[in-house]
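Q: could you work out the structure for the sequence below:
(2 chains)
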Amino acid sequence: MNLEIRLFADLPKKVRASITAVPGEAFILELPEGTTLGQVFAHLGLEGEQTLIGLVNGLRQLGDYELKDGDRIGIFPPVGGG
Amino acid sequence: MSKIIRVNMSNLTVTEEAVPQKYAAFGGRAMTSAIVADEVEPTSHPLGKYNKLVFAPGLLTGTTAANSGRLSVGAKSPLTGGIKESNAGGTSSQKLARLGIKALIIEGQAAEGKYYTVKVTKDGVTIEEENQVVGKGNYEAVKALSARYGEKVGVILAGPAGEMKLASANISVKDPEGNLRSAGRGGLGAVMGSKGVKAIIIDDADAPGVTIANPDAFKEAARVFAKGLMDHPVTGQGLPTYGTNVLVNIINEAGGLPTKNFRTGRFDGANKISGETMYDTIVARGGKPTHGCHAGCIIRCSQHYYDKDGNYKTSGFEYETIWGFGANCCVEDLDDIAEIDWHCDDIGIDTIETAVAAGVAMDAEVVKFGDSKGLVNLVKEIGTGSALGRIIGNGSVFTGKAFGITRVPAVKGQGLPAYDPRNVKGVGLTYATSPMGGDHTAGYSVATNILKVGGYVNPLGKEGQIELSRNLQIATAAVDSTGLCLFIAFCVLDNAEAFQAVVDMINAEYGLSLTGDDVTELGKTILRIEKDFNKRAGFTNEDDRLPEFFDEDVCAPHNTKWDFTDEEVDEVLNF
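A: Next up, the predicted model:
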């Protein structure tokens, strides 16, 4: 299945070397059916899953959340402001 | 801090009083709200001689505690008609504290057309007629006053908007580099202008400084607190690198970024105005990606944004400003938004209220959505004093009335900031119920709804939101009384040791033995004082409501409506 991924803040610099990403710009990952959000983090080489914020179609989900074809996934490190 | 200074602008006299016992445990917002509630007739005209403008450093201000230099400013608000505390960085608060001043009260009203500069030193307060900087922009005024009184003095200004008594006028405060920070919300600059006070100079040369009852305990607590801030990923890494504008992308992704005057929760141009883009732009142009708004700030969320030619353009370039003139107005040119921010600072007008008013004006096609140059000109218009400029400068509700627009996102007359209440429902409850009017800082439920700070409450659901907004409003009222930057909450909500360190610092400074529960009680006391003032000013529960379009219009991408009942909303501050 195809997943639409966006990485934010400094995460594009932290993914494994084989992946090229620009903050906020979407790219497609093709992964097997049944892949979870946590497996996407691992595939990208992102560590510290507990502190990352994963939004799937705009809703926060945890690592065991099972993804569907076409899901829009935004991944953030801890951020704040206001 | 042992004294209260009263400056009477009707007869140009100054009196000094000891701090009454009932205010002994108050600082910052507790102090400003208590004085306003005790001394201002709630039905008086906010721009008349019976209103009072109160400046107060926080309980910890003037000490070595990290991030403790915030200034509270209070009065009856010309924007909301209710009680107001507005909060700013800059250098003045620490100087007031070191001079031993717990509150500076401006009362009465100068003769029509006269402006004065109030100068505060260790020897007392003088009132001098001001002719040089009246009518001047804030950047020129702060430079001229620093040249006249010394580069190191603190400067507090009413800008041209304050002189025009516009309901969105802010109060500007000189920062460590001579740039401007703002007590932005609620039109307190108009109150300052109405008093005939153009500027306040704070010179703390040879000031006695702050006395610490238990220096060793203070030092240890301050160390634990600072370490907590440095170690937390938000206060130690996220905010210093990207500033508050890092929120554009996450709020957009979560569907809570109000776009086109609160029509949808996502903006196609979000990444062009994001914190990441801003950071890259600042670095490429040789600007400063991080700096503090006051001495001792270790979060350093501010920055110096440079223009295309590599010249300073603005600082303290905040998420709310960029959202407001960006997504809310469908503008995706960060340089134009920076230009607007500079003009707002120079005119002395609140960026949030002005941006919400601009979105309303765009609904009336005064300028078309997306027309960034038109938006720059609209904001510049405020400084000219033209009829159109004065309409915009009087805020979102006034603008809606002037142009017959009913889609006005405001509560108690104050425009709503950068989070759609339908998709971040916890902050919607804060907007509805805060005695300040529509204000995100009063109870920042966004932290727990979206940012994974202080636990998690589903932003789209109702469960847990009432308690969340209530608890955050109570905690915020207390933090606003310490002089600490509200952003320390990102750390202390997650780190019990750092929270305890705040209590320990207060105890060590004043020789007290407060507990965490006492701090909560302080927050409740402040909210009760503020609610009571508003009640006496004529506010009822019916004023604690969001505009009806939030009940009726569906907000993409989650297709939500505002669905709290009136009874549920009334539970938020029912304690």
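
Q: low-confidence ranges, chain A, go.
A: A:49 (pLDDT under 70).

Q: ok, which stretches of it are helices?
A: Secondary structure of chain A (DSSP state H): helices located at A:37-44.

Q: find the closest residue to chain B in it.
A: Minimum separation of chain A from chain B (C-beta to the nearest C-beta) falls at A:Gly81, amounting to 3.2 Å. Quick note: C-beta positions are derived from backbone N, CA and C, even for glycine.

Q: state the distance from that residue to B:Gln94.
A: As judged by C-beta to C-beta, to the nearest Å, A:Gly81 and B:Gln94 stand 24 Å apart.

Q: just the C-alphas of stretch B:182-193, formatted as CSV.
A: Once non-C-alpha atoms are left out, stretch B:182-193 reads as follows in CSV (Å, rounded to 0.1, in the frame of the first residue of the first chain):
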residue,chain,number,x,y,z
SER,B,182,4.3,43.8,23.3
ALA,B,183,1.7,43.5,26.0
GLY,B,184,-0.5,42.8,23.0
ARG,B,185,-4.0,42.0,23.9
GLY,B,186,-7.0,44.0,25.0
GLY,B,187,-6.2,47.5,24.0
LEU,B,188,-4.2,48.5,27.0
GLY,B,189,-2.1,50.9,24.8
ALA,B,190,-5.3,52.9,24.4
VAL,B,191,-5.7,53.1,28.2
MET,B,192,-2.1,54.4,28.4
GLY,B,193,-2.8,56.9,25.7
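
Q: what is the rounded mean pLDDT of that stretch?
A: Stretch B:182-193 shows a mean pLDDT of 98.

Q: centre of the chain to it, how far?
A: 10 Å (C-alpha atoms, centre = their mean, to the nearest Å).

Q: and stretch B:138-147, by the same measure?
A: For stretch B:138-147, the distance to the chain centre is 22 Å (C-alpha atoms, centre = their mean).

Q: what sits closest to residue 62 if chain neighbours are left out?
A: With no chain named, the answer covers chain A. Leaving aside its chain neighbours, A:Leu62 sits nearest to A:Leu37 (7.0 Å; criterion: C-beta to C-beta, 6 or more residues apart in numbering or on different chains).

Q: can you look at chain B instead?
A: B:Ala97 (2.8 Å).

Q: same question for the helix or strand harbouring the one you found, mean pLDDT?
A: Per DSSP states H and E: B:Ala97 is located in helix B:92-98. Throughout helix B:92-98, pLDDT has a mean value of 98.

Q: repeat that for stretch B:332-341.
A: Mean pLDDT, computed over stretch B:332-341, is 98.

Q: can it be said to contact chain A?
A: No - residues of stretch B:332-341 are not located near chain A by C-beta under 8 Å from any C-beta of the partner chain, the shortest gap being 12.5 Å.

Q: so the residue nearest to A:Leu62 is in contact with A:Gln61, correct?
A: Yes - taking C-beta atoms under 8 Å as the definition, A:Leu37 is a contact partner of A:Gln61 at 5.4 Å.

Q: neighbour count: those two, which is higher?
A: Legend: neighbour count by other C-beta atoms under 10 Å in any protein chain shown for A:Leu37 and A:Gln61, higher for A:Leu37 (24 against 18).

Q: which residues touch the more buried one?
A: A:Gly54, A:Val56, A:Gln61, A:Leu62, A:Gly63, A:Asp64, A:Tyr65, A:Leu67, A:Ile73 (C-beta atoms under 8 Å, 6 or more residues apart in numbering or on different chains).

Q: any chance of a markdown table for those residues, columns distance to B:Ala37?
A: Below are the contacts of A:Leu37 laid out as a markdown table (distance: C-beta to C-beta, whole Å):
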| residue | distance to B:Ala37 |
| --- | --- |
| A:Gly54 | 45 |
| A:Val56 | 47 |
| A:Gln61 | 45 |
| A:Leu62 | 45 |
| A:Gly63 | 49 |
| A:Asp64 | 51 |
| A:Tyr65 | 49 |
| A:Leu67 | 53 |
| A:Ile73 | 49 |
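
Q: so what's residue 40 up against?
A: No chain was given, so I picked chain A. Contacts of A:Val40 by C-beta under 8 Å, 6+ apart are A:Leu3, A:Ile5, A:Leu29, A:Leu31, A:Gly54, A:Leu67, A:Ile73, A:Ile75.

Q: that's the other chain; I wanted chain B
A: When contacts are counted by C-beta under 8 Å, 6+ apart, B:Val40 touches B:Tyr50, B:Asn51, B:Lys52, B:Ala75, B:Lys76, B:Phe533.
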